[in-house]
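Chemist: Just the structure for this:
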Amino acid sequence: MKKLLLLTALAVFAFSCSNNSKSTNETATATETEPDWIYLFDGTSTDGWRAYNGDALPPQWTIVDGALTFDTEKRLEADWQGGKDIIYAAEEFDNFELYLEWKIPEGGNSGIMYHIKENQEVSLPEIAPEYQLLDDLKWEEINNAKLEDWQKTGADYAMHVPDPAQKIVKPAGEWNTSRIVFTPERAEHWLNGKKLFTFVPWSDDWYERKAAGKWKDAPLYGSFKKGYIGLQDHDSPLWFKNIKIRKL
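Modeler: The predicted model follows:
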């Protein structure tokens, strides 16, 4: 009887050790597979950022209360000036997952750009794909103009339109979250935790959309497969935080 009890105790001990070891290994594996995020802006420094086609960060771009802030006069679309787009020039990225938080004022307009290559002769939108940022709720009223769906928040500007059933639009002044996933096999736009659409870059459908729309006379648009991340100046104050990226 004592021998049987001893054998039972040893079996229980061995089983317990096995489970503990498995749990430890699973924890280690989960930790090892956590994505390696690179912070492009962490709320404390603008290191790596500068003007598109420039040497320094325009003075309107500052840090206020931990947010990368663009301090400018809000202008109507008819009075557009722009010209103070910025890029994270410390590194170029090809395949990635980009995450950031942002807010804009009533009537605000901006964009997140990627695969940027600098060119003194060509405007930034004619080179880099854009995740559109806009005050969908008030822009048309304030500017007395009509927008197409490909011009509204979350769109792959002038290329792909968000699924309205998945789109959560927040009022101006509230924080939003955006995510761009990009690989040659698939690209995704996310807004406030919802996937808006998926497309295949450089596919037949992609080239057809380019040839039929706004970029038909922009041969460089979307042609680069690696480049900088950028933020667009479209004449409205802007606020960004927690800008981070991981390579895929």
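Chemist: Can you give me the buried ones in the lengthiest strand in the chain?
Modeler: Identified as the longest strand of the chain according to DSSP state E is strand 238-247. Residues of strand 238-247 classed as buried by neighbour count (16 or more other Cβ atoms under 10 Å): 238-243, 245-246. (Glycine included, C-beta is placed from N, CA and C.)
Chemist: Ok, stretch 88-95 next?
Modeler: Result for stretch 88-95 [16+ other Cβ under 10 Å]: buried residues 88-89, 92-93.
Chemist: and the residues you listed, which of them are in strands?
Modeler: Residues of those located in strands (DSSP E): 88-89, 92-93.
Chemist: Pipe those residues into a markdown table and attach pLDDT per row.
Modeler: Output for these, formatted as a markdown table (pLDDT from 0 to 100):
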| residue | pLDDT |
| --- | --- |
| 88 | 98 |
| 89 | 98 |
| 92 | 98 |
| 93 | 98 |
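Chemist: hmm, which two among those are most spread apart?
Modeler: 89 and 93 (11.7 Å; Cβ to Cβ).
Chemist: which residues do these two both contact?
Modeler: residue 228 (Cβ atoms under 8 Å, 6 or more residues apart in numbering).
Chemist: Name the strands paired with the longest strand of the chain and say parallel or antiparallel.
Modeler: strand 38-41 (antiparallel), strand 67-70 (antiparallel), strand 96-103 (antiparallel) (DSSP bridges).
Chemist: and of the ones you listed, who's closest to residue 130?
Modeler: Of these, nearest to residue 130 by Cβ to Cβ is strand 96-103, at 12.6 Å.
Chemist: Quick check: buried residues in the closest one?
Modeler: 96-100, 102-103.
Chemist: Residue 221 contacts residue 213, doesn't it?
Modeler: No. In this structure, residue 221 is not within contact of residue 213 by Cβ atoms under 8 Å, at 10.0 Å.
Chemist: Those two: who's more crowded?
Modeler: Taking other Cβ atoms under 10 Å, residue 221 and residue 213 do not tie; residue 221 has more neighbours (21 against 13).
Chemist: Check the gap between that one and residue 110 for me.
Modeler: Separation of residue 221 from residue 110 (Cβ to Cβ, to the nearest Å): 19 Å.
Chemist: With residue 173 instead?
Modeler: From residue 173 to residue 110 the distance is 14 Å (Cβ to Cβ).
Chemist: With residue 131 instead?
Modeler: 10 Å.
Chemist: next one: residue 194
Modeler: For residue 194, the distance to residue 110 (Cβ to Cβ) stands at 20 Å.
Chemist: Same drill for the two, tell me which one is more crowded.
Modeler: residue 110 (25 against 16).
Chemist: show me the contacts for the closest residue to the more buried one other than its chain neighbours.
Modeler: In space, and not counting its chain neighbours, residue 110 is closest to residue 133: 4.4 Å by Cβ to Cβ, 6 or more residues apart in numbering. Contact analysis of residue 133 by Cβ under 8 Å, 6+ apart lists 102, 104, 108-112, 153, 178.
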